[in-house]
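Participant: A predicted structure for the sequence below; I have some questions about it.
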Amino acid sequence: MNRRVRQWLRVAAAMLLVLNTGCWSSQEIEDLSIVVGLGLDVASESRFEREIARQGGTYPKRNVLTATVQIVPPISGRGQRQGQGGSGGSQASSMAYLNEKLTGDSLIQIFRQFSVRRDRPLIGDHLKVIVVASELAKKYSLEQILDFILRDNAIRPSCLVVVSHQAAIEALSSTEPGEVPAFYLTGLVDNRSRSNKILPPVTLIKLDSTMQSGTSFLLQNVVTSQGEHKFSGAAIIKGSSKKWVGELTQFDVEGLSWIRGEARGGVLKAYAPGGYTVTYEMKDSSSKIIPRVKDGEISFHIKMKSEGRLIEDWSFPEIPSTEAYLKEMEKVFEKQASKQIDQVLHKMQHVYHADVGGFDEQLRIKHPKLWKKIKDQWDDTFSRIPITYEFKIKITDAGSSTD
């Protein structure tokens, strides 16, 4: 390499150093409050808020909702605070998160109010889950409650949305040391391959598009006891009002998974004619909803099938898993699944008057002109439509103990 080339390389390197200014607008993570969970409840002022209000430290507002932010405190020597703030303040403990809540009638204003009581600004870029209390969703539509969230470009559209059977702050609280409830709830979704009681995740972007369509839909329901949480059933959100109208049980959700063909895995327990327990493990399932229109009258027929194995058999002395015996067990499991399907169809049509099974989508695809005429009154129309179905279970093996 000659001398002139080396000089040009030095000049080029010097120019790159000048141009490489780095992230001029970056903020150190130690200076931020990373929000990973958001809970929304019916208004309930904390003791901190009431005491501050008596001292004149309030602003004009109506008490409509209480927002709880779950913060993962940064690891820093600068006044790190960890714990669970159930009363609106901070409590030092070994918890891996901090809950703080404020009450008002504007979610964005509530978020900004945290700026006058926290030295680190709230950052929602890493928000993982939003928990809406069913009591709040009964009073206000999800469009109203989540309007700011859906408008804010900083919040990830992949954020999970669930409904809490009790207070949302309870779903964001834990007695397990080191556990962050927001991460725990999002992690439960990954278990869909093991249970058909878990719904496909509803993210912010999916929620927004579903609400815009005007159809009724489901959100995963969370129940809480003694600081522990589990997914249990689903909340029904009415398409016309965008409000909570009722719940499906775990039994119902299993039945709905057969109808919608969304089950990735799970088990089906039944009782054989002798009264003993038998369990079927699903390996594959599919469903086809067929809309039929004759003389202007609509009906649906569902074709469902599943393949799996006889994974547990409490017969004693054990009955050999012959082909004839497996055929008998197939009928036992089909009968049990039919109970689940009948129950969830009854609730959809005659209790809640809400199509959350995907029937509307199939009618729209197959009969678009008819759909345009009836879509605005679809839930009421759906409640009167005859639905028939057929369900076939095939046991492909009985595990390694097969005779």
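Facilitator: Arrived safely, thanks for sending.

Participant: and the closest residue to residue 201 other than its chain neighbours, what is it in contact with?
Facilitator: On the basis of CB to CB, 6 or more residues apart in numbering, the spatially nearest residue to residue 201 that is not a chain neighbour turns out to be residue 189, at 4.7 Å. C-betas here are computed from N, CA, C, even on glycine. With contact set as CB atoms under 8 Å, 6 or more residues apart in numbering, residue 189 has these partners: 160, 198, 201, 220.

Participant: ok, now which ones touch residue 232?
Facilitator: Residue 232 sits next to 165, 197, 221-223, 249-250 when contact means CB under 8 Å, 6+ apart.

Participant: quick one: the helices in the stretch 151-300 of the chain?
Facilitator: Secondary structure of the stretch 151-300 of the chain by DSSP state H, counting those that start in this stretch: the helices cover 168-171, 181-188, 204-213, 250-260.

Participant: quick one: contacts of the longest one?
Facilitator: When you say that, I think you mean helix 250-260. Residues lying outside helix 250-260 but in contact with it, judged by CB under 8 Å, 6+ apart, are 196-197, 199, 218, 232-234, 248, 263, 266, 268, 285, 287, 289, 302, 304, 306, 337, 339-345, 347, 356-358, 389, 391.

Participant: May I see the buried residues of that helix?
Facilitator: 250, 252-260 (16 or more other CB atoms under 10 Å).

Participant: What of the third one?
Facilitator: Within helix 204-213, the residues that qualify as buried are 204, 206-208, 210-211, counting by 16+ other CB under 10 Å.

Participant: ok, now which ones touch residue 395?
Facilitator: Neighbouring residues of residue 395 by CB under 8 Å, 6+ apart: 280, 307-310, 326, 329-330, 333.

Participant: let's go with 7 Å and repeat that
Facilitator: Contacts here follow CB atoms under 7 Å, 6 or more residues apart in numbering; on that basis residue 395 touches 308-310, 326, 329-330.

Participant: List only buried entries from the contacts of helix 250-260.
Facilitator: Buried positions within these, assessed by neighbour count (16+ other CB under 10 Å), are 196-197, 199, 218, 232-234, 248, 263, 266, 268, 285, 287, 289, 302, 304, 306, 337, 340-341, 343-345, 347, 356-358, 389, 391.

Participant: tell me what the longest helix anywhere in the chain is packed against?
Facilitator: Taking DSSP state H as the criterion, the chain has its longest helix at helix 323-346. Counting contacts by 3 or more CB pairs under 7 Å, 6 or more residues apart in numbering; DSSP states H and E, helix 323-346 packs against helix 250-260, strand 266-271, strand 277-294, strand 387-397.

Participant: could these be laid out in CSV, adding mean pLDDT and distance to residue 122?
Facilitator: Output for the helices and strands packed on helix 323-346, formatted as CSV (pLDDT from 0 to 100; distance: least, CB to CB, whole Å):
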stretch, mean pLDDT, distance to residue 122
helix 250-260, 97, 34
strand 266-271, 96, 39
strand 277-294, 96, 43
strand 387-397, 96, 48
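
Participant: Any chance of those in JSON lines with distance to residue 97 as columns?
Facilitator: Output for the helices and strands packed on helix 323-346, formatted as JSON lines (distance: least, CB to CB, whole Å):
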{"stretch": "helix 250-260", "distance to residue 97": "28"}
{"stretch": "strand 266-271", "distance to residue 97": "31"}
{"stretch": "strand 277-294", "distance to residue 97": "36"}
{"stretch": "strand 387-397", "distance to residue 97": "44"}
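
Participant: Let me know which of these is the nearest to residue 373.
Facilitator: strand 277-294 (11.6 Å; CB to CB).

Participant: Scan the contacts of residue 232 and report the most crowded one.
Facilitator: Going through the contacts of residue 232 with other CB atoms under 10 Å as the criterion, the one with the most neighbours is residue 222, at 26 neighbours.

Participant: Isn't residue 62 up against residue 105?
Facilitator: Yes: at 4.3 Å, residue 62 and residue 105 qualify as touching, with contact defined as CB atoms under 7 Å.

Participant: hmm, back to that, quick one: name whatever helix or strand follows the longest helix of the chain.
Facilitator: Next helix or strand after helix 323-346 toward the C-terminus (DSSP states H and E): helix 359-366.

Participant: low-scoring stretches of this structure, by residue?
Facilitator: Low-confidence segments of the chain (pLDDT under 70): 1-32, 74-95, 400-403.

Participant: Strands along the stretch 51-200 of the chain, start to end?
Facilitator: Counting by DSSP state E, counting those that start in this stretch, the stretch 51-200 of the chain has strands at residues 65-72, 98-104, 122-123, 129-133, 160-164.

Participant: just checking, what packs against the third one?
Facilitator: Here strand 122-123 is seen to pack against strand 33-42 when contacts are counted using 3+ CB pairs under 7 Å, 6+ apart.

Participant: how distant is the strand it packs on from the center of its chain?
Facilitator: In this view, strand 33-42 has its centroid 15 Å away from the chain centroid, taken as CA atoms, centre = their mean, to the nearest Å.

Participant: From the chain's centroid, how far away is stretch 306-322?
Facilitator: Relative to its chain's centre, stretch 306-322 lies at 34 Å (CA atoms, centre = their mean).

Participant: Put the alpha carbons of it into CSV.
Facilitator: What follows is stretch 306-322 as a C-alpha-only set of coordinates in CSV (Å, rounded to 0.1, in the frame of the first residue of the first chain):
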residue,chain,number,x,y,z
SER,A,306,-59.7,-35.3,15.6
GLU,A,307,-57.0,-37.9,15.8
GLY,A,308,-55.1,-38.9,18.9
ARG,A,309,-54.4,-41.6,21.4
LEU,A,310,-55.9,-43.3,24.4
ILE,A,311,-53.4,-41.9,26.9
GLU,A,312,-55.0,-43.1,30.2
ASP,A,313,-57.2,-46.0,31.1
TRP,A,314,-58.4,-46.8,34.7
SER,A,315,-60.1,-50.1,33.8
PHE,A,316,-59.1,-52.7,36.4
PRO,A,317,-58.3,-55.4,35.6
GLU,A,318,-57.0,-53.6,32.6
ILE,A,319,-59.0,-54.2,29.4
PRO,A,320,-56.8,-55.0,26.4
SER,A,321,-56.6,-52.2,23.9
THR,A,322,-58.0,-54.2,21.0
